[in-house]
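Engineer: this one's sequence-less:
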C-alpha cells in the first residue's frame, strides 16, 4: 500500500528526493529511517489536510517533506546529505491526530513501506 522509490548512493553534500506512493487516504504521513545498529528514527511528518510539517533536529533545515494530495504521493527532498544520513528510509502513514503526527512516534503508524536505501559517502 506504500511504495517508496528514489533511494541510491550520493556523495556528501549532494541531494536526493524520495517518493512514496500511497493507495490509502490517511491523516498523517511521514518518513522514518534506520541506520545499521540503530533504532528507527522518525525524521519528518506531515498532516494530509493542513500540510503542517514536523522535523527532527537531525534533518531540520536540510530535508523537506511534502505531499501531493491529488496523487497521494509523499516526498522527501534531502539536501546537504552527509554520511550520518546513510540509512534505510521508510514511508509510513496513519489515521492520527495532528498532535500525535507531530510526535513522529513509530508505534503510532500502522502502514509502512518496505524501505529504500540511501547511502552517502
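Structural biologist: Great, that's in hand. Predicted, not measured: the structure shown is a model, and the values here were computed from it.

Engineer: ranges for the helices of the protein?
Structural biologist: In order along the chain, the chain carries the following helices (DSSP state H): 98-103.

Engineer: Okay, strands next: where are they in it?
Structural biologist: The residue ranges that make up the strands of the chain, judged by DSSP state E, are 2-5, 8-10, 16-22, 28-34, 41-47, 53-55, 63-68, 73-78, 87-94, 111-112, 116-120.

Engineer: And the shortest one, what does it pack against?
Structural biologist: It refers to strand 111-112. The contact analysis (3 or more CB pairs under 8 Å, 6 or more residues apart in numbering; DSSP states H and E) places strand 111-112 against strand 87-94. Where C-beta positions appear, they are placed from N, C-alpha and C, glycine not excepted.

Engineer: How about the first one?
Structural biologist: Here strand 2-5 touches strand 16-22, strand 87-94, going by 3+ CB pairs under 8 Å, 6+ apart.

Engineer: now swap in the last one and tell me
Structural biologist: Strand 116-120 is packed against strand 8-10, strand 16-22, strand 87-94, with contacts defined by 3+ CB pairs under 8 Å, 6+ apart.
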